[in-house]
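**Q** turn this into a model:
(one chain, ligands or ions: 1)
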Amino acid sequence: MSTGGRRTQRLDKVLSNLGFGSRAELKKKAKQGSIVVNGMVIKDPGKHVDPYKDIIEFDGETIQYREYVYLMLHKPPGVISATEDLRDRTVLDLLDAEHLVFEPFPVGRLDKDTEGLLLLTNDGKLAHELLSPRKHIPKTYEAIVEGRVSEDDVRSFAEGVTLDDGYHTLPGELVIHSDEEQGDGLVCSRISLTIHEGKFHQVKRMFEAVGKKVVYLKRVSMGELRLDENLEIGTYRELTEDELALIGRPSLV
Ligand code: URA
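**A** Below you'll find the model as predicted:
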């Protein structure tokens, strides 16, 4: 069993971080012989272990240690991208207890009515890297826009547009997929737009700048990470090893 080194931690800290109980509860469990490390019953929960190397069993179950969690959520409309809200449900209400123990938070925000890709993690460094305004991480959205989006709009977005507060955006890549006549003579366009910054309500305000209104908005990618189309709306899963590599996190251990 490890006795020192950078990666060693108190056994009770390792287990409480993973949601196995408070320090007081773990002290009791240790006395009862519930905690085994490398095949030896450990009665002193203050003992140091290397959670990545030592084999730790709790009540007969071998634990898988990790410090960070990375979750891909297919955000539904109607929930807030925050960790708490006085009125509305938040994205954390969609997570299970086994992931909530890691205290994840959303990386950036989507509006309440926007759906699509939202990454949640407790890795503050990654969140900082992905959100840093200097990094210009591209984000791609699909949208339905009231009115006929035109090649003029494509050109305007390519040069950047001026928002209601006078800010001139970075260039965005607008692609028109289709126009659809609604029954009442109204035309709606299906588009995708890639932007390289994250101003408040940016996509909606960019269309307002060219006199149009976004009526549906979905984020489909952030950097190299794409929304898994098999992920049902309102559900989530952990990132795969390949996806972790895409965001510069090669391995969880
Ligand atoms: N732009 C918006 O207008 N809303 C979002 O939720 C994301 C980008």
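**Q** can you list the domain ranges for this structure.
**A** The chain breaks down into these domains under automatic domain parsing: 9-62, 70-133+227-246, 139-222.
**Q** got these as CSV, with mean neighbour count and mean pLDDT columns?
**A** To be clear about C-beta, it is placed using only N, CA and C from the backbone, and glycine gets the same treatment. Output for these, formatted as CSV (neighbours: other C-beta atoms under 10 Å; pLDDT from 0 to 100):
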stretch, mean neighbour count, mean pLDDT
domain 9-62, 16, 94
domain 70-133+227-246, 16, 96
domain 139-222, 16, 96
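**Q** in TSV, list the ones you listed along with distance to the ligand.
**A** As requested, the domains of the chain are exported to TSV (distance: least, C-beta to the nearest ligand atom, whole Å):
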stretch	distance to the ligand
domain 9-62	31
domain 70-133+227-246	3
domain 139-222	3
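**Q** please enumerate the helices of the stretch 151-253 of the chain.
**A** Secondary structure of the stretch 151-253 of the chain, counting by DSSP state H, counting those that start in this stretch: helices at 151-159, 202-209, 241-246.
**Q** wait, which of these is closest to residue 183?
**A** With C-beta to C-beta, the closest approach to residue 183 among these belongs to helix 202-209: 22.5 Å.
**Q** pretty sure residue 74 sits against residue 226.
**A** No. Using C-beta atoms under 8 Å, residue 74 is not in contact with residue 226; the gap is 11.6 Å.
**Q** common neighbours of those two, please.
**A** residue 117 (C-beta atoms under 8 Å, 6 or more residues apart in numbering).
**Q** tell me the SS of the residue lying closest to residue 203 once chain neighbours are set aside?
**A** In space, and not counting its chain neighbours, residue 203 is closest to residue 141: 5.3 Å by C-beta to C-beta, 6 or more residues apart in numbering. Recorded secondary structure, residue 141: strand (DSSP: H, G, I helix; E, B strand; the rest coil).
**Q** list the contacts for residue 141?
**A** Residue 141 neighbours (C-beta under 8 Å, 6+ apart): 116, 192, 193, 194, 195, 203, 217, 218, 219, 220.
**Q** quick one: which of those residues is nearest to residue 185?
**A** residue 217 (23.6 Å).
**Q** could you grab the helix/strand/coil label for residue 125?
**A** Classification of residue 125 by three-state DSSP places it in helix.
**Q** that one and residue 7: what is the separation?
**A** As for residue 125, its distance to residue 7 is 18 Å (criterion: C-beta to C-beta, to the nearest Å).
**Q** please apply the same query to residue 174.
**A** Distance, residue 174 to residue 7, by C-beta to C-beta: 48 Å.
**Q** got it, and residue 149?
**A** With C-beta to C-beta as the criterion, residue 149 and residue 7 are 53 Å apart.
**Q** also residue 99?
**A** From residue 99 to residue 7 the distance is 23 Å (C-beta to C-beta).
**Q** and if you look at residue 187?
**A** When distance is defined by C-beta to C-beta, residue 187 is 60 Å away from residue 7.
**Q** quick one: contacts for the residue minimising distance to the centre of the chain?
**A** Closest to where the C-alpha atoms of the chain average out (C-alpha atoms, centre = their mean) is residue 119, at 1.1 Å. Residues counted as contacts of residue 119 (C-beta under 8 Å, 6+ apart) are 70, 71, 72, 73, 106, 107, 108, 130, 222, 225, 239, 247.
**Q** now residue 70
**A** Taking C-beta under 8 Å, 6+ apart, one finds 119, 120, 121, 123, 126, 238, 239, 243, 244, 247, 249 in contact with residue 70.
**Q** and it, bridged to which residues?
**A** Beta bridges link residue 70 to residue 121 when assigned by DSSP bridges.
**Q** same question, the one 10 residues further on
**A** Under DSSP bridges, the beta-bridge partners of residue 80 are residue 90.
**Q** for residue 142, same thing?
**A** Counting by DSSP bridges, the residues bridging with residue 142 are residue 192, residue 218.
**Q** over to the one 4 residues further on?
**A** According to DSSP bridges, the residues that bridge with residue 146 are residue 188, residue 213.
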